[in-house]
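J.: Show me how the following folds:
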Amino acid sequence: MLEKFFKLKENNTDVKTEVLAGITTFMTMAYILAVNPGILAEAGMDQGAVFTATALASLLGTLLMALLANYPFALAPGMGLNAYFTYTVVMNMGYKWEVALTAVFIEGIIFIILSLTNVREAIFNAIPLNLKAAVSVGIGLFIAFIGLQNANIVVGGSTLVELFSIDKYNLVNGVEAGFHDAGITVLLAVIGVIITGILVIRNIKGNILWGILITWLLGIICQLAGIYVPNPELGFYGLLPDFSNGLSVPSIMPVFGKLQFDGIFSLNFVTVIFAFLFVDMFDTIGTLIGVASKADMLDKDGRLPRIKGALMADAVATTVGAAIGTTTTTTFVESASGVTEGGRTGLTSVTTAVLFGLSLFLSPIFLAIPSFATAPALIIVGFYMLTNVANIDFKDISEALPCYICIAAMPFFYSISEGISMGVISYVALNILSGKAKEKKISWLMYVLAILFIVKYILL
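T.: Here you go, the predicted model:
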């Protein structure tokens, strides 16, 4: 049955590989179950209810990806979009969280319409092959940077980003951390990178997942030995699962169906919807390009078969997610970790979706996995995606230079969508101004995108 539905042999994979890949993907993105409720709680939402909504939206979106597209991609409420929701729309612009959720809901409806009319698919197909490879490379650097930050291996400083030291960490964050909380976790993350690297070099099956679990186990040993001392006030929590509250599922009712359409007919509100729409659209397209490129899923023309189903899964999950009480649900770049483990079909996604479902009942276990344990996985996956740089034609500078700009923009601007914006604008501008536009046969849609991106920077 699994073979018939997911076409495992056709995709050169098997059940064991797919399940392991699904587990790995979940392990690298399970942090969203802890982070998203914390961010949205600052907007005034019930943290426990948001946890339940986050798990359910992730379950639904990832399952839809498997059923509609048969791809090993996982979905969850997106990082960045949740921060924009809380800190910009609610706290800065003054909208109630119920109204902000309504903006996400409307964005989801627009996405469904765009997916049905092939607009998003056309955008995906219009991006040149070299630029698609660059998106993959840029995402690799971006998620490696996220990993370094999650582990505090790099911190802010006089040069914007600096190597960790306890003094610098304390200065940047205005805290008084020490070796037994901040320091040891950085050391454990570095050891985790080395361990994961060794497992990768030795081609151990499940190397990334094993790297996460071994790093977590070392942390637990350090806690039991008194080397690591939890300090919740600074964000350093106990590493042992806490079952003191049992296995009950937090009620979703405080955030379920709380959409509020008052005040949506204003220019500011339209701007909010556009911002959600823009970031979600191009984060998703960028992630699909990057992860699909790494998995060799693109055809000879650089197109992704069954992309309509993948985009529809994203659109429906966003709409339903807003209705049940969470921010924009989007395809997660951490899906690359499962692809790196060999995941090639929707069975990987089904596995991840099941684990999101189980997380509702076993949240103490999943929430106990610290960021320093998942950081090495992100760093190593970043390396894997970086290898796509070999697919860029550096002999043609008019192709290579926009790719370089796209790659650099993602980690430096901390955004996949900004990297795509810069890549598209520079690709069109440089080829027009150098007289190579006709030779390249640039799609008319690329011109439209370049103009829209420029307008976005002017207006927003």
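J.: I figured residue 38 hits residue 47, correct?
T.: Yes: between residue 38 and residue 47 there is a contact under CB atoms under 8 Å: 6.9 Å. For the C-beta atoms, the positions are set from N, CA and C on the backbone; glycine is no exception.
J.: Can you find the helix or strand in the chain with the smallest mean pLDDT?
T.: Within the chain, no helix or strand scores below helix 363-367, which has a mean of 74 by mean pLDDT, DSSP states H and E.
J.: Please point out which parts of it sit buried.
T.: Using 16 or more other CB atoms under 10 Å as the test for burial, helix 363-367 gives 363-364, 366-367.
J.: what does stretch 24-39 give?
T.: 24-37, 39.
J.: now swap in stretch 96-111 and tell me
T.: Using 16+ other CB under 10 Å as the test for burial, stretch 96-111 gives 96-108, 110-111.
J.: taking these one by one, which sit in helices?
T.: Secondary structure defined by DSSP state H assigns 97-108, 110-111 of those to helices.
J.: re earlier: which of the buried residues of stretch 24-39 lies closest to residue 51?
T.: residue 37 (4.5 Å; CB to CB).
J.: Closest one of the buried residues of helix 363-367 to residue 398?
T.: residue 366 (47.2 Å).
J.: which stretches of the stretch 51-200 of the chain form helices?
T.: For the stretch 51-200 of the chain, the helices defined by DSSP state H, counting those that start in this stretch cover 81-83, 97-116, 119-126, 129-150, 166-173, 184-201.
J.: low pLDDT regions in the stretch 51-200 of the chain?
T.: 80 (pLDDT under 70).
J.: Need the nearest residue in space to residue 227, chain neighbours excluded.
T.: Distance criterion CB to CB, 6 or more residues apart in numbering; nearest residue to residue 227, sequence neighbours excluded, is residue 184 at 5.8 Å.
J.: what residues are up against that neighbour?
T.: 222, 227-228 (CB atoms under 8 Å, 6 or more residues apart in numbering).
J.: just residue 97 next, same as before
T.: 40, 43-45, 85, 90, 258.
J.: 7 Å instead?
T.: Contacts for residue 97 (CB atoms under 7 Å, 6 or more residues apart in numbering) come out as 43-45, 90.
J.: Just among those residues, which is most surrounded?
T.: residue 45 (26 neighbours; other CB atoms under 10 Å).
J.: Mean confidence (pLDDT) on stretch 336-345, please.
T.: The average pLDDT for stretch 336-345 rounds to 88.
J.: Distance-wise, check residue 407 relative to residue 429.
T.: 17 Å (CB to CB, to the nearest Å).
J.: Distance-wise, check residue 210 relative to residue 197.
T.: In this view, residue 210 and residue 197 are 12 Å apart by CB to CB.
J.: Look at residue 241 and say how many residues are nearby.
T.: For residue 241, using other CB under 10 Å, the count is 15.
J.: Residue ranges in the stretch 351-460 of the chain under the pLDDT threshold?
T.: Residues of the stretch 351-460 of the chain that meet the cut-off, pLDDT under 70, sit at 460.
J.: how about the helices in it?
T.: In the stretch 351-460 of the chain, the segments counted as helices under DSSP H, counting those that start in this stretch are 363-367, 371-386, 397-413, 416-433, 437-440, 444-459.
J.: quick one: contacts of the second one?
T.: By that I understand helix 371-386. Counting by CB under 7 Å, 6+ apart, 27-28, 31, 136-137, 139-141, 143-144, 146-148, 150-151, 185, 188-189, 192-193, 196-197, 200, 208, 211-212, 215-216, 219, 290, 294, 336-337, 340 sit against helix 371-386.
J.: relative to helix 184-201, how tilted is that helix?
T.: 40 degrees (axes from the mean of the first three to the mean of the last three CA atoms, to 10 degrees).
J.: Quick check: buried residues in helix 371-386?
T.: 371-382, 384-386.
J.: Tell me the one of the residues you listed nearest residue 315?
T.: residue 385 (25.1 Å).
J.: Excluding chain neighbours, what is closest to that closest one?
T.: Closest to residue 385 by CB to CB, 6+ apart is residue 140, at 3.0 Å.
J.: For that neighbour, give its distance to residue 207.
T.: 17 Å.
J.: Can you pick out the residue with more neighbours from the two?
T.: More neighbours surround residue 140 than the other of residue 140 and residue 207, with 28 against 21 (other CB under 10 Å).
J.: check contacts around the more buried one.
T.: 382, 385-386.
J.: hang on, the earlier thing: tell me which of residue 407 and residue 429 has more neighbours.
T.: Higher neighbour count among residue 407 and residue 429: residue 407, with 27 against 14, using other CB under 10 Å.
J.: what's the burial count for the spatially closest residue to that one that is not a sequence neighbour?
T.: Leaving aside its chain neighbours, residue 407 sits nearest to residue 138 (4.3 Å; criterion: CB to CB, 6+ apart). Residues near residue 138, counting by other CB under 10 Å, number 33.
J.: Please name the residues that touch residue 138.
T.: 406-407, 409-410, 419.
J.: Then residue 12?
T.: Contacts of residue 12 (CB under 7 Å, 6+ apart): residue 344.
J.: tell me the secondary structure for it?
T.: Here residue 12 is recorded as coil under DSSP: H, G, I helix; E, B strand; the rest coil.
J.: so residue 339 touches residue 291, yeah?
T.: Yes: Residue 339 lies in contact with residue 291 (CB atoms under 7 Å); the separation is 5.6 Å.
J.: out of the two, which sits in the more crowded spot?
T.: Using other CB under 10 Å as the criterion, residue 339 and residue 291 rank with residue 291 on top: 30 against 27.
J.: Kindly provide the distance from the more buried one to residue 174.
T.: 37 Å.
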